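Visitor: just need the structure, nothing else, for what follows:
(one chain, ligands or ions: 1)
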Amino acid sequence: MQGIGSDDHVKGVDNGQMALQGKKIVLGITGSIAAYKAVELVRALTKAGANVRVVMTASAQRFVTPLTLATLSRQAVLTDQSAWEAQMPHLTAARKTNLLLVAPATAGRIAKFAHGLADDLLSTLFLACTRPVVLAPAMDAEMYRHPVVQDNLARLRSWGVRIVGPATGELASGVWGPGRLAEIGEIVQTVTEILCPQRDLSREVVLVTAGPTREPLDPVRYLSTRASGKMGYALAEEAVARGARTILISGPSALAPPYGVEFMEVETALQMRAVVLDRLTEATVIIKAAAVSDYRPAHQAESKLAKCDAPLMLELAPNPDILREIGAQKGARIVVGFAAETGDLVLRAHHKLMAKHLDLIVANDVTQEGAGFACETNQVVIIDPHGGAEELPLLPKRQVARRILDRVVSLRQQKNRV
Ligand code: CTP
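Guide: Prediction:
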């Protein structure tokens, strides 16, 4: 299995090519413990062909030395001191670059950017920069969750700043939560997407279903599954990034719909079925990542069920299998299903693929750590009707989405050749 931060992995993100050849990137490094990871980030960006100009804040220099970064980036590092040694270095750097990346971005730095405070080289450069800006926050979980940090990030997003991460995991303080710098591969991928957009799905209309469904029992209770929607939302986001018109039909989820999708929210499996079938004729690719409840209460009580001492028997009615219905009338569409399993992964998933006439099925063992419901990562096997089973390593869901859509693109090419 590849390590997420390994060179191979970064290469994989860029399809092994010098994907950023000739691109100029200003990399701002701020004073977080994660500043040491910027060393690897510079290596990954330069390996991908980018010309990286590093700007370090005063506190970043207390974590890593400018000499290290100058050596790796093969050019002098800009610091606040540079402002006194050259004429308007912030304007020169802002005008010359194709993109400003700030990684790690501390809570203080995010606040400065969000409020236009321009009191050092990097903050003046941010204001002067008319090119895309990407921030990779890193801080402790409590700080990240603070409403003011969330407000500042929302403000920056509303101006088009792209925020990558943070990842959830063990933080420098020993606490577990959101706040880790995003994986280097994910940061490089985001930069590559912005500077060299891949448009290989621009002829497709991708319909993605995501999240759980909720099957009401009475006005206050429901049956559901543990799905969060993360995998489906990542697929929709990736499809948009690759040029597809994307329809996201989602069961209840706490996630914000990705920018650029046509979003439709449903609650029950029956509602999901109705909306999916309604939009089916438009779709050329259908990806059913939703964890649909197989059953619903046969009778929905009008008022709240009162407690009684006797056991309560629930009668459940089967829900229609939406994917099976789509598979039966798929025509030229590419149909991808998901299979959440707890054992006999490939065998059971392959059986579902054949029974539902799918082109691919993405199987994961939900009992495995880091895979399946509500995780940031997933480890899946992509199975085709000919018995092929591509095992992917444990990856962030966005990268899993990328690999699934790579398969969709090659399937389309095959279908077009026939
Ligand atoms: N699916 C669906 N409609 C349902 C149930 C499942 O469209 N009523 C889709 C899911 O979105 C997923 C695929 O079918 O893409 C497989 O779902 P899964 O729950 O793994 O399998 P089931 O076919 O429901 O079989 P089982 O629950 O017995 O494993």
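
Visitor: then stretch 153-163 to CSV, C-alphas only?
Guide: Listed next in CSV are the C-alpha coordinates belonging to stretch 153-163 (Å, rounded to 0.1, in the frame of the first residue of the first chain):
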residue,chain,number,x,y,z
LEU,A,153,-13.1,31.0,6.6
ALA,A,154,-16.6,31.5,5.3
ARG,A,155,-15.8,35.1,4.5
LEU,A,156,-12.7,34.1,2.6
ARG,A,157,-14.6,31.3,0.8
SER,A,158,-17.2,33.9,-0.3
TRP,A,159,-14.5,35.8,-2.0
GLY,A,160,-13.4,32.7,-3.9
VAL,A,161,-10.5,31.7,-1.7
ARG,A,162,-10.2,27.9,-1.8
ILE,A,163,-9.8,26.2,1.6
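
Visitor: quick check: beta-bridge partners of E390?
Guide: Applying DSSP bridges to E390 yields these beta-bridge partners: I382.

Visitor: which residues touch it?
Guide: E390 makes contact with V381, I382, I383, R407 under the criterion CB atoms under 8 Å, 6 or more residues apart in numbering. Placement of C-beta: from N, CA and C, glycine included.

Visitor: quick one: which of these is the most crowded by neighbours?
Guide: I383 (25 neighbours; other CB atoms under 10 Å).

Visitor: next one: it, what pLDDT does it get?
Guide: Listed pLDDT for I383 reads 97.

Visitor: now do F126
Guide: 96.

Visitor: could I get the buried residue list for the top helix by length along the chain?
Guide: Determined from DSSP state H, the single longest helix within the chain is helix 397-417. Of all the residues in helix 397-417, those buried under the rule 16 or more other CB atoms under 10 Å are 397-409, 411-412.

Visitor: just these now: which is nearest the ligand?
Guide: If you rank these by distance to the ligand using CB to the nearest ligand atom, I404 comes first, at 12.1 Å.

Visitor: now do the same contact list for that closest one.
Guide: Contacts of I404 (CB under 8 Å, 6+ apart): L235, I287, V336, L360, V362, V380, I382.

Visitor: what about those residues, which are in strands?
Guide: Counting by DSSP state E, the members of the contacts of I404 that fall within strands are I287, V336, L360, V362, I382.

Visitor: I'd like the contacts of E390 as a markdown table, with distance to the ligand appended.
Guide: Listed next are the contacts of E390 as a markdown table, based on distance: CB to the nearest ligand atom, whole Å:
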| residue | distance to the ligand |
| --- | --- |
| V381 | 13 |
| I382 | 13 |
| I383 | 12 |
| R407 | 15 |
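
Visitor: chain center to stretch 115-124: distance?
Guide: 29 Å (CA atoms, centre = their mean, to the nearest Å).

Visitor: ok, stretch 383-394 next?
Guide: For stretch 383-394, the distance to the chain centre is 21 Å (CA atoms, centre = their mean).

Visitor: with just CA atoms, put it into PDB.
Guide: This file holds the C-alpha atoms of stretch 383-394, laid out as PDB (Å, rounded to 0.1, in the frame of the first residue of the first chain):
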ATOM      1  CA  ILE A 383     -15.000  -4.100  -9.300                       C
ATOM      2  CA  ASP A 384     -16.000  -4.500 -13.000                       C
ATOM      3  CA  PRO A 385     -18.300  -7.000 -14.600                       C
ATOM      4  CA  HIS A 386     -15.300  -9.000 -16.100                       C
ATOM      5  CA  GLY A 387     -14.000  -9.900 -12.600                       C
ATOM      6  CA  GLY A 388     -11.400  -7.100 -12.400                       C
ATOM      7  CA  ALA A 389     -11.000  -5.800  -8.900                       C
ATOM      8  CA  GLU A 390      -8.900  -2.700  -8.400                       C
ATOM      9  CA  GLU A 391      -7.900  -2.300  -4.700                       C
ATOM     10  CA  LEU A 392      -7.200   1.200  -3.800                       C
ATOM     11  CA  PRO A 393      -5.100   2.200  -0.700                       C
ATOM     12  CA  LEU A 394      -6.700   4.100   2.200                       C
END
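
Visitor: good, wrapping up.
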